[in-house]
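Visitor: how would this look folded up:
(chains A, B, C and D)
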Number of protein chains: 2
Amino acid sequence: MSTESPATRDRILDTAERLFGQQGFSCTSLRQITDEAGVNLASVNYHFGSKEELYKGVLIRRLRPINEERIKLLTQAEQLADEQPVPIRSILETFIRPLLRHATAGSAGGIAFLRLISRDLTDPQPFMTAEMVREIDPLIERYTKVLTKTLPGIPLAELFWRMQFTVGGILYAAAHQRDFERISCGLCRGDDLEGCLRRLIDFCTAGLEAPLSDFAGRLATQSGSDAGPVHP
Amino acid sequence: MSTESPATRDRILDTAERLFGQQGFSCTSLRQITDEAGVNLASVNYHFGSKEELYKGVLIRRLRPINEERIKLLTQAEQLADEQPVPIRSILETFIRPLLRHATAGSAGGIAFLRLISRDLTDPQPFMTAEMVREIDPLIERYTKVLTKTLPGIPLAELFWRMQFTVGGILYAAAHQRDFERISCGLCRGDDLEGCLRRLIDFCTAGLEAPLSDFAGRLATQSGSDAGPVHP
DNA sequence: GTCTATAGTCTGATAGAC
DNA sequence: GTCTATCAGACTATAGAC
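Guide: Residues are numbered from 1 along each chain as shown, chains lettered A, B, ... in the order given. As a prediction, this is how the structure comes out:
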């Protein structure tokens, strides 16, 4: 009823988001979460039922609004394009910006959620997979449709590969900020999210609309099925 | 002395590579490794001393030959270019091909090592970090030099970002083959490593030599330091 | 709703026989 | 070198007082 101080439930969620992102699900004990959140150990099982349900709660809390905003922005971009193909740069921005925005808007601050989502995609928790598929599949369908319209010359299989590379670039860049500053000798700031967004869009736009190399061109003339392993 | 059957040591390494790649370091118990390898629990500590040393052994076993081959191929490409800039496609190929080749040549077969290296870069084990830096830093220096020569118009900071995206695309694509087949409705084959290599080169070549957008162009006129966070 | 106390399980590591 | 047996510690989850 009263909302005077951060509720136990939210303190747990914020702390769990940070620790799961830093250390992963199985390396983070409930004891560590409750200690750092300043709540009792048993309160996790009271509020969430189990460690796994807590993990689901942490992910869904941000993923759902992010994906809703993506769809909203993409719809706006389509209306703005007025039946014409939506520019790639706009498509990419509707995909990336909500992620970076919500990820940094958390009460825990910083990029805890970016690390977490990157980690969960690289290292999925089995009990979470079904939930993730339900969140992500409609998104894939929607983006595939709009990208196909904008890039009619790129075969669908090729487009899937390039979308895969795009997502990889986004998540890897987002999750490796600390190493990145070291590798670049401080030249690049990992926490420069707005700069990261623009550079990602530059890079991925060029990659998505890249000319097809000879081999890919040959594929494009085929009926649609992808080729198997080829060793020229 | 005799090499008649796969030695205990190698059976442990192969099994550990597969399980660490699938489940991660801390989710994989020594008991599971020894059970599946068909060796005794105590043999791990006899041959490697500890679980952590086993993990190091698994990674270094493949990473060292891969990086040695990268440097060798890059040197060859430079000699072939004869003082001229090495084409980006060639540079990328020297970086990616040894990874895909060694990763699939293991006696465990398949892509176990690709998953493992991707996982370790996303979720580094603290005891492994120093070793990884020692393996990777000379490589970064070498590739930065040759890329700078080929792409003189791209500021160094911008180049670092793009290399980051490139590595992300490579590792993400390599580590998500199963999901990838599902997402593309079977259209793309995740185990098509040669096709993956060529598509990565297409995508990343375009990304690396992409024209600088307005904001990046403004950066390029500055003295060399990267800009801080900008929120236009 | 919040706490203490603890049950029950699994872990990495090692001692010591062979 | 390879085994069995076992230790000491950490974990999740829950029972039950308040």
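Visitor: From now on I want contacts and neighbour counts done on CA atoms only, so please keep to that.
Guide: Will do.
Visitor: Now the residue of chain A found nearest DNA strand D: phi and psi?
Guide: Residue of chain A nearest DNA strand D, by Cα to the nearest atom of the strand: A:Ser29 (3.2 Å). When read as degrees, to the nearest 10, the backbone of A:Ser29 gives phi -90, psi 150.
Visitor: go on, A:Phe180?
Guide: According to degrees, to the nearest 10, A:Phe180 has phi -60, psi -40.
Visitor: before we move on, what about A:Pro155?
Guide: As for A:Pro155, its main-chain torsions (degrees, to the nearest 10) stand at phi -60, psi 150.
Visitor: coming back round to it: mind checking how far the residue of chain A closest to DNA strand D is from chain B?
Guide: 12 Å (Cα to the nearest Cα, to the nearest Å).
Visitor: Equivalent analysis for A:Cys204, please.
Guide: Distance from A:Cys204 to chain B, counting by Cα to the nearest Cα: 6 Å.
Visitor: Kindly report the same for A:Leu13.
Guide: 21 Å.
Visitor: Which residues are in contact with that residue?
Guide: Residues near A:Leu13 by Cα atoms under 8 Å, 6 or more residues apart in numbering or on different chains: A:54, A:57-58.
Visitor: Can you give me the neighbour number for the residue of chain A closest to DNA strand D?
Guide: A:Ser29: 16 surrounding residues under other Cα atoms under 10 Å in any protein chain shown.
Visitor: what does the one 5 residues further on give?
Guide: Residues within reach of A:Thr34, counting by other Cα under 10 Å, total 20.
Visitor: swap in A:Ala173?
Guide: 27.
Visitor: Give me the pLDDT value at it.
Guide: pLDDT, A:Ala173: 80.
Visitor: residues contacting it?
Guide: Residues near A:Ala173 by Cα under 8 Å, 6+ apart: B:161, B:164-165, B:168.
Visitor: I'd like the distance between it and A:Thr129.
Guide: As judged by Cα to Cα, to the nearest Å, A:Ala173 and A:Thr129 stand 23 Å apart.
Visitor: So which of the contacts of A:Ala173 belong to helices?
Guide: Within those, residues falling in helices by DSSP state H are B:161, B:164-165, B:168.
Visitor: Any chance of TSV for the residues you listed, columns pLDDT, neighbour count and distance to B:Arg9?
Guide: Listed next are these as TSV, based on pLDDT from 0 to 100; neighbours: other Cα atoms under 10 Å in any protein chain shown; distance: Cα to Cα, whole Å:
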residue	pLDDT	neighbour count	distance to B:Arg9
B:Trp161	90	24	40
B:Gln164	88	21	35
B:Phe165	92	28	37
B:Gly168	89	27	32
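Visitor: So which of these is the closest to A:Gly49?
Guide: Comparing the ones in helices among the contacts of A:Ala173 against A:Gly49 with Cα to Cα places B:Gly168 closest, at 35.8 Å.
Visitor: wait, doesn't the closest one sit right on A:His176?
Guide: No: using Cα atoms under 8 Å, B:Gly168 is not in contact with A:His176, being 9.6 Å away.
Visitor: longest single helix anywhere in chain A?
Guide: Longest helix in chain A, counting by DSSP H: helix A:51-81.
Visitor: Report whether that helix contacts DNA strand C.
Guide: No: Helix A:51-81 lies out of reach of DNA strand C by Cα under 7 Å from any atom of the strand, never closer than 13.6 Å.
Visitor: Return the set of buried residues in that helix.
Guide: A:51, A:54-59, A:62-63, A:66-67, A:69-71, A:73-74, A:77-78 (16 or more other Cα atoms under 10 Å in any protein chain shown).
Visitor: How about the contacts made by the closest residue to DNA strand C within chain A?
Guide: Chain A approaches DNA strand C most closely through A:Asn40 (3.6 Å), counting by Cα to the nearest atom of the strand. If you count contacts by Cα under 8 Å, 6+ apart, A:Asn40 has them with A:Thr34.
Visitor: Do you know the pLDDT at it?
Guide: We have a pLDDT of 91 for A:Asn40.
Visitor: mind giving me a markdown table with the ones in helices among the contacts of A:Ala173 and columns for distance to A:Asp214?
Guide: Below are these laid out as a markdown table (distance: Cα to Cα, whole Å):
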| residue | distance to A:Asp214 |
| --- | --- |
| B:Trp161 | 28 |
| B:Gln164 | 27 |
| B:Phe165 | 24 |
| B:Gly168 | 25 |
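Visitor: Distance check, A:Leu59 against B:Tyr55.
Guide: Distance, A:Leu59 to B:Tyr55, using Cα to Cα: 29 Å.
Visitor: and the helix or strand hosting A:Leu13 with helix A:51-81, angle?
Guide: Following DSSP states H and E, the helix or strand that holds A:Leu13 is helix A:8-23. Helix A:8-23 runs at 80 degrees relative to helix A:51-81, counting by axes from the mean of the first three to the mean of the last three Cα atoms, to 10 degrees.
Visitor: Could you identify the helix or strand that succeeds helix A:8-23?
Guide: Per DSSP H and E, the first helix or strand lying C-terminal to helix A:8-23 is helix A:30-37.
Visitor: how about that following helix, does it get close to DNA strand C?
Guide: No: using Cα under 7 Å from any atom of the strand, helix A:30-37 stays clear of DNA strand C, coming no nearer than 8.9 Å.
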